[in-house]
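Student: Kindly return the folded structure for what I paste below:
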Amino acid sequence: MAIKGYVDGVIGGSVLGWAHDPDRPGERIELEIRVDDALIGRCVADLDREDLTRAGIGDGRHGFRLPLAAPLTPGRHRIVVEAPAAQAVLPLARDHFADQAAVTLTIEPLAPQRGPSEPVQGLGGWLFPGTSPERFERALGRRPLPPRRLEELVGALRTRHERLAALGVDYLVVTLPDKACVYAEHLPAGMTAAFESRPGAQLARALRAAPRLRSLDLLTTLRDARGDGRVYARTGAELTWPGAFHAYRAIVKELALRGVTGEPMPVGRLARGALVPVGDGGEREPDLDREQLQGGPVDGPRALVLHDGSGERLLPFMGEHFSLLDVLATTGLLLADVTRGEYAVVIEIVADGGTFF
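Tutor: Take a look at the predicted model:
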């Protein structure tokens, strides 16, 4: 998809322009519009424009207009109009227009872009681990999944669920939020998280129509658990042991409601040992005391855990709950490898900023 078009500017309190795919002249382009890196809304380029008709651009119905919530303040503003399905950003028209003479529009970054592995420096000494800028924006909900990508994911999950259900195996999809959403108040000044647009929240909404398949989003669990201590290290990338323990309890509670497992371990079973270094800023936290945690043989169900690297710290607790715990450090279950009676449940743990989305 090679998108053609321009952003004409901000006119009458709205962002205006046009977008057209010459290879698919009858298709209407879905757009996301940001002002100064904040998502202001989405629209479809389907408005009739006489200038496009005269120029022979499709059928002329390729214009868009999206109102701003408030007038732009005097100064320089970054306007980004993106077609997510094509990963294309529309350029500003050479003769673009702004409502106010004191407003300057640009599509260039207002600040230097950070590198692919450079951590984001937050408030109060917090560090948010380095990842690609695109994934970080997605994890924060500032770059929602395109509708087509979301449909593909839902279709794949439904196929896995139906196949596993036919084998008598329960299936649970767990979404782990990014540290930056759990501790959004420590993000740099001016940077915000859009919780409802995170991949985990989008997926949960999309699965509501499925009769039995739904996902477990751990954002509320982890934000509530902060009262018991940090659930992510201040300068590290991983969950702390208390954070992993609360996440484990939420997963097992969900499975208990389905009749797959019994109750999770009580909070008092979390035993921590000597301090060990974590993160990049000399921070230390108590290590997990595995000797105190172990309670002997477990007469529980058999489980398979799939994760994209984000579920590592949950595994010791899982191992105490299931009689057999097989782990694959990947997502995308190979259904042919699962046989009837082999497992009671398959648990797939994916991260908002991970490779699954």
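Student: Relative to the whole chain's centre, how far out is the lowest-mean-pLDDT helix or strand in the chain?
Tutor: Of all helical and strand segments in the chain, the minimum by mean pLDDT, DSSP states H and E falls on helix 290-293, at a mean of 74. Here helix 290-293 is found 33 Å from its chain centre; the criterion is CA atoms, centre = their mean, to the nearest Å.
Student: can I get the CA coordinates of it in PDB?
Tutor: Extracted C-alpha coordinates of helix 290-293, given in PDB (Å, rounded to 0.1, in the frame of the first residue of the first chain):
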ATOM      1  CA  ARG A 290      13.200 -20.900  47.300                       C
ATOM      2  CA  GLU A 291      13.900 -23.200  50.200                       C
ATOM      3  CA  GLN A 292      11.100 -21.700  52.300                       C
ATOM      4  CA  LEU A 293       8.800 -21.500  49.300                       C
END
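Student: Residue 219 reaches residue 200, doesn't it?
Tutor: Yes: assessed by CB atoms under 8 Å, residue 219 is found in contact with residue 200 at 6.6 Å. Where you see a C-beta, it was placed from the backbone N, CA and C, and this is true even at glycine.
Student: shared neighbours of those two, which are they?
Tutor: Counting by CB atoms under 8 Å, 6 or more residues apart in numbering, the shared contacts of residue 219 and residue 200 are 175, 177.
Student: Settle it for me: which of those two has more neighbours?
Tutor: Higher neighbour count among residue 219 and residue 200: residue 200, with 26 against 20, using other CB atoms under 10 Å.
Student: Correct me if wrong: that one contacts residue 352.
Tutor: Yes: the pair residue 200 and residue 352 qualifies as a contact (CB under 8 Å) at a distance of 5.3 Å.
Student: who touches both of these two?
Tutor: 175, 176, 177.
Student: residues near the last one, how many?
Tutor: In other words, residue 177. Neighbour count of residue 177, defined by other CB under 10 Å: 30.
Student: same thing with the second one?
Tutor: Residue 176 is surrounded by 26 other residues when neighbours are defined as other CB under 10 Å.
Student: For it, list each beta-bridge partner.
Tutor: Counting by DSSP bridges, residue 176 is bridged to residue 351.
Student: Next up, the contacts around residue 105.
Tutor: Residue 105 neighbours (CB under 8 Å, 6+ apart): 7, 9, 10, 76, 77, 78, 79, 92, 96, 98.
Student: Could you look up the SS state of it?
Tutor: Each residue gets one of three states, and residue 105 gets strand by DSSP: H, G, I helix; E, B strand; the rest coil.
Student: Tell me how far it lies from residue 121.
Tutor: According to CB to CB, to the nearest Å, residue 105 and residue 121 sit 28 Å apart.
Student: And for residue 231?
Tutor: In this view, residue 231 and residue 121 are 20 Å apart by CB to CB.
Student: which one of those two has more residues nearby?
Tutor: residue 231 (25 against 12).
Student: any idea which helix or strand carries the nearest residue to the more buried one once chain neighbours are set aside?
Tutor: Leaving aside its chain neighbours, residue 231 sits nearest to residue 243 (3.0 Å; criterion: CB to CB, 6 or more residues apart in numbering). Counting by DSSP states H and E, the element that carries residue 243 is helix 241-257.
Student: What are the boundaries of the strands in the stretch 51-200 of the chain?
Tutor: Assigned by DSSP state E, counting those that start in this stretch, the strands in the stretch 51-200 of the chain fall at 61-67, 75-83, 88-89, 92-98, 103-106, 120-121, 127-128, 170-176.
Student: before we move on, what about the stretch 201-350 of the chain?
Tutor: Under DSSP E, counting those that start in this stretch, the stretch 201-350 of the chain gives strands at 215-217, 272-278, 283-288, 302-307, 324-328, 345-351.
Student: which secondary structure elements does the last one contact?
Tutor: Contacting strand 345-351 under the criterion 3 or more CB pairs under 8 Å, 6 or more residues apart in numbering; DSSP states H and E are the following elements: strand 170-176, strand 302-307.
Student: Starting from the shortest one, tell me which strands it pairs with and how they run.
Tutor: On the basis of DSSP bridges, the sheet neighbours of strand 302-307 come out as strand 324-328 (parallel), strand 345-351 (parallel).
Student: got a list of contacts for stretch 216-226?
Tutor: With CB under 8 Å, 6+ apart as the test, stretch 216-226 has contacts from 172-177, 181-183, 195, 198, 200-201, 203-204, 231-232, 242-243, 246-247, 250-251, 254.
Student: pLDDT below threshold where in this structure?
Tutor: Within the chain, the ranges that satisfy pLDDT under 70 run 1, 100-102, 108-117, 130-131, 280, 294-297, 329-337.
Student: can you list the domains in it?
Tutor: Split into domains by automatic domain parsing, the chain comes to 4-106, 134-351.
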